[in-house]
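Student: My questions concern the predicted model and sequence given below.
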Amino acid sequence: MRQLERQEEYEERFALVSERVDQLKEDAEVPDPFASYFKEVAAFLGLVKKTYVCVAEGAYERLSLEERQKIHADLYGRLEPAVYEASYLNPEYAEETLGAELGGMLSMLYADLLSTIPDAFEERLDLLCIWNELFVELHGCFVEEMQEMGTETGAFSGESLKWIAGNVKDAIYWFYHDYAESFVPDTILPMIDPSYDFFTKWIEEADLSGNAYLYRIGAPVGKNELLMADYLRKMPQDQIDAMAHTFTEGYRKGFEMAGKDIHAKKTVKIEAPLGMERMVKAAMAQFVDMGLKTTILREATISLYGRGGGKRGYYSVSPNRQYDYDHKDDKAYYFDKSFVERRLEVMRDTFEKEKDKALTFGGPAVVEVFGEEPFAPVNKEANAKYSDKQNSLNVYNAVESGKITNTYIPGESYSFTIIAYPLPAIGDQFEEIFAKTVELNTLDYEKYQTIQQHIIDALDQGQSVHVTGRGDNHTDIRVQLHPLADPAKETIFENCVADVNIPVGEVFTSPVLEGTNGVLHVTQVYLGELCYKDLEVVFTDGKITAYDCANFETEAENKKYIQDNVLYHHKTLPLGEFAIGTNTTAYRMARDYDIADKLPILIAEKTGPHFAVGDTCYSHAEDVPMYNPDGKEVVARDNSVSLLRKDPKTVNQAYFNCHTDITIPYDELGDIVVECADGRKITILSQGRFVLPGTEELNVELER
């Protein structure tokens, strides 16, 4: 693990500030209700300090499983839903108790301070120090106003609270602004530089024969993590190696299929859930055999990194998804143009200093999980919310960040792979569903490749595709297809087998926007772990012109829900992908075990036609030739939006840095009909069943 620079300086600073925090546990020195807040948070920071000392002095390694679990419960128990509801971590409770001026901000601070738990386990004394200093500084805002009032016990007036709130907000803003050089590199360097090896050393050295090791990295540990580790522990090593091989071979094939040189790469970033260390360890060894060292980043823990915005990195199942949702927009408290420019500047400088390592980064290899109970969030008025100006800044920040990343890690040279497995939370049939998923991930890709080629041969004859729903689904959309100059050498759709997206089972294209019109509707769908009821999206010339759902009581709430979590604050998004899923085995598994509402998009998108809003399938790599197994070049890689990158005046409008798949399941699907220029119509699916010659075998699972 990298040694901390300026260790001696931080030791002195931390000793001073933690002494002050210890005092606040006993005497908050401010009137209620704020005294209660500062005492609670100070007590929490005291527990973190105690944990840090235990880890730093080596005592933690000698603790029993039960002792580690006790420390974990003391630190993370505050996120248990019943505890959370009456905690200052809950913005609603904080606002009711502390007032509208300060409740939300102080709740946000508390949530960010939870990041000190993993900091303690990583022995990041620098971060422990500055977070404690911020806490003491904010407490000082209250004390200063008390002194100005000339009282030690009286309640704050309305004017005093406004003054304190202004100073608290300024302190938080300048904290993130001034320490950008500490925070921003933490999202880049551990990704491209294998010498940041906290996680890889932990996995390589951990005693996987028991569960005590799970508590060593400072992440939440729940039933899913414990039961997953128990289940994998029972597996023979050859099965673990085979699972890892499916994963790593998909990564290698991704480079091969795209004609990219994997030998020019030195690192691969693994993203995976806590509890799957046996498989991850096997994958790390297999990547070494490919000439790749593994890097691992922790999931987002502070608002700056996008905490609550989905699971990425090395992650745990969330102990409280409402907490994640409540705090997903906390960055709104300090997000402005100056801050964004500061962050981008540090990001650019970090990449520039490490540009050689960035160039040899191969991309992510991702393990997703599924099986939790569907989550429908409660909207709380007290939650942080972005202003319209901040929403525009979010778009600008994402676009500029994408450009910087693509400059140093060119999209045309790296690849990725994604695979998914069920969680124990999926129910009593977990082991059976896990085994079925392993089978799903290893389906005969050559068989699917042949069947899918029949579909592509039909699609390549068309100028558009007409998709309709049935029953309660009122989808009616016409997708315009890319023209072919030389059908003997060119194709519109990619034949997707098990490489970057595991399992097999789709053909996809970047549609022509102009002429793509109609309504996309799904009665219920899960996108990014969030449920959408009666989701309806209207497209005009390939761009979203209207949208709605039925999650909340008011139209305004429903539209905001989609605006925030599907459009990601963009005014509109183009249709970046149209695909036909062919994995009817996955569809049948979902119905057999009644888990359709729990499937990740990685699998769900293969269980029917899907439409992705946002960037094209080939985002940032549209100029890289792509070939199907039959040797034909996939020429439908661009649309009129992505082509804006060609003009320096419009390059900022070419990418949205999002891509969200919306799938119509076979049981809601009417017909998929290819419309040819000469008036012919070729039906691929009729009333949810494959009717195109050569595809009939796909109906076996649908009708079983």
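Tutor: Cool, got the structure.
Student: separation between the residue sitting nearest the centre point of the chain and L297?
Tutor: Central residue of the chain (C-alpha atoms, centre = their mean): G310, 3.7 Å from the mean position. Remark: distance between G310 and L297 (C-beta to C-beta, to the nearest Å) = 14 Å. Every residue, glycine included, has its C-beta placed from N, CA and C.
Student: again, but for L227
Tutor: 25 Å.
Student: Same drill for those two, tell me which one is more crowded.
Tutor: Legend: neighbour count by other C-beta atoms under 10 Å for L227 and L297, higher for L297 (23 against 17).
Student: Settle this for me: that one is touching K269, isn't it.
Tutor: Yes. With contact defined as C-beta atoms under 8 Å, L297 counts as touching K269 (6.9 Å).
Student: who touches both of these two?
Tutor: M191 (C-beta atoms under 8 Å, 6 or more residues apart in numbering).
Student: The longest strand along the chain - what's its average pLDDT?
Tutor: Taking DSSP state E as the criterion, the chain has its longest strand at strand 512-527. What strand 512-527 shows for mean pLDDT is 95.
Student: what does stretch 476-489 give?
Tutor: Averaged over stretch 476-489, pLDDT sits at 97.
Student: Let me see the contact set for the residue nearest to I492 when sequence neighbours are not counted.
Tutor: For I492, ignoring the flanking residues on the chain, the nearest one in space by C-beta to C-beta, 6 or more residues apart in numbering is A636 at 4.7 Å. Contact analysis of A636 by C-beta under 8 Å, 6+ apart lists L481, H482, I492, F493, T509, S510, P511, V512.
Student: Compare those residues and tell me which is most surrounded.
Tutor: In the contacts of A636, the most neighbours by other C-beta under 10 Å go to S510, 29 neighbours.
Student: Tell me the spacing between it and M626.
Tutor: 11 Å.
Student: Need the overlap of contacts for these two.
Tutor: Y618, R637.
Student: For the residue nearest to the centre of the chain, pull up the helix or strand it's in.
Tutor: According to DSSP states H and E, G310 maps onto no helix or strand at all.
Student: Just say helix, strand or coil for P693.
Tutor: What DSSP: H, G, I helix; E, B strand; the rest coil gives for P693 is coil.
Student: check contacts around it.
Tutor: H454.
Student: let's see it at 10 Å
Tutor: Each residue near P693 by C-beta atoms under 10 Å, 6 or more residues apart in numbering is listed here: H454, A458.
Student: what's the pLDDT at it?
Tutor: 97.
Student: same check, this time on N699
Tutor: For N699, pLDDT reads 94.
Student: cool, and the one 3 residues further on?
Tutor: As summarised for this prediction, L702 has a pLDDT of 88.
Student: for the protein, what are the low-confidence residue spans?
Tutor: Residues of the chain meeting the criterion pLDDT under 70: 1-5, 150-154, 308-309, 498-499.
Student: Packing partners of the longest helix seen in the chain?
Tutor: Across the chain, the longest stretch assigned as helix under DSSP state H is helix 125-149. When contacts are defined as 3 or more C-beta pairs under 10 Å, 6 or more residues apart in numbering; DSSP states H and E, helix 125-149 packs onto helix 7-26, helix 34-56, helix 103-113, helix 116-121, helix 158-178, helix 180-183.
Student: Would you map out the domains in this protein?
Tutor: 7-178, 189-417, 443-703 (automatic domain parsing).
Student: Go through those domains and name the closest to L423.
Tutor: The closest approach between L423 and any of those, judged by C-beta to C-beta, belongs to domain 189-417 at 3.8 Å.
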